[in-house]
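Enquirer: Pasted the sequence and its predicted model underneath.
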Amino acid sequence: MSFTPINAEENPNQKRIDEIESQIKVLQSELKELKGDENSEDGNDAPGLGETQTVDAYEITINEVSFTDERNNFDDSDPDNVIRIDYTIKNNADEDVSYSGNDFKVYVDGKETSIYPNDNSVGALSAGRSLDGVAHHVLEGDGEVEIDWSPLSYFGKEKAIFKIDRADIQ
């Protein structure tokens, strides 16, 4: 008996497969949270750069965090440090979803920093599609950096949390 492979585009079940895979990721994330991370002493180890997390129908990956000298000419705050967050977002829902650079919150030693008004991605993402986006935040202080992500249009309690090693900020 031989099997002929089916490309994802040709597979009539691909939409359902994607839905189930998304549900599995959500459940794995929930299970990990309930159990605690067995590889960390405090149970609070969060993914970092290049790792993907699932929140509702979204998959979010922070690809890079870098300092930028770009400043908004109309903003009077003139912060010392602004970071650029380059990310990829995938929509696993059956309908369009909104996204924004404002979906990110950046914390240094647990204190929230502010969004910086540079070019922050915003729009709607079609079902089953992905895109690369950018967000800018002020980075105040020298402590531990944590980036939380949850879409503004999502009213659930779940969010993606990324711990960023300062040495990884370019």
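Expert: Sure, I can see it. In this text, all values refer to a predicted model and were calculated from it rather than measured experimentally.
Enquirer: quick one: L131 from Y99, how far?
Expert: 8 Å (CB to CB, to the nearest Å). For the C-beta atoms, the positions are set from N, CA and C on the backbone; glycine is no exception.
Enquirer: Counting neighbours, go ahead and name the busier of the two.
Expert: Y99 (23 against 14; other CB atoms under 10 Å).
Enquirer: who's in contact with the more buried one?
Expert: Neighbouring residues of Y99 by CB atoms under 8 Å, 6 or more residues apart in numbering: Y58, I89, S121, V122, G123, A124, L125, L131, G133, P151.
Enquirer: Tell me the spacing between it and Y58.
Expert: Taking CB to CB, one finds Y99 at 8 Å from Y58.
Enquirer: Quickly list what's touching both of these two.
Expert: In contact with both Y99 and Y58: I89, P151, using CB under 8 Å, 6+ apart.
Enquirer: which residues does the most centrally placed residue in the chain contact?
Expert: Using CA atoms, centre = their mean, the residue of the chain that lies closest to the mean C-alpha position is I60, 3.5 Å off. Contacts for I60 (CB under 8 Å, 6+ apart) come out as T52, Q53, T54, Y87, T88, I89, K90, W149, A160.
Enquirer: a helix runs through it, doesn't it?
Expert: No - the assignment for I60, made by DSSP: H, G, I helix; E, B strand; the rest coil, is strand rather than a helix.
Enquirer: Check the nearest residue to P151 once chain neighbours are set aside and give its pLDDT.
Expert: Excluding its sequence neighbours, the residue lying closest to P151 (CB to CB, 6 or more residues apart in numbering) is D103, at 5.0 Å. D103 carries a pLDDT score of 90 in this model.
Enquirer: how about the helices of the chain, start to end?
Expert: 14-35 (DSSP state H).
Enquirer: Go through the helices and strands of it and name the one with the lowest mean pLDDT.
Expert: helix 14-35 (a mean of 73; mean pLDDT, DSSP states H and E).
Enquirer: Report all helices and strands that it contacts.
Expert: Applying 3 or more CB pairs under 8 Å, 6 or more residues apart in numbering; DSSP states H and E, we find helix 14-35 packed against strand 52-55.
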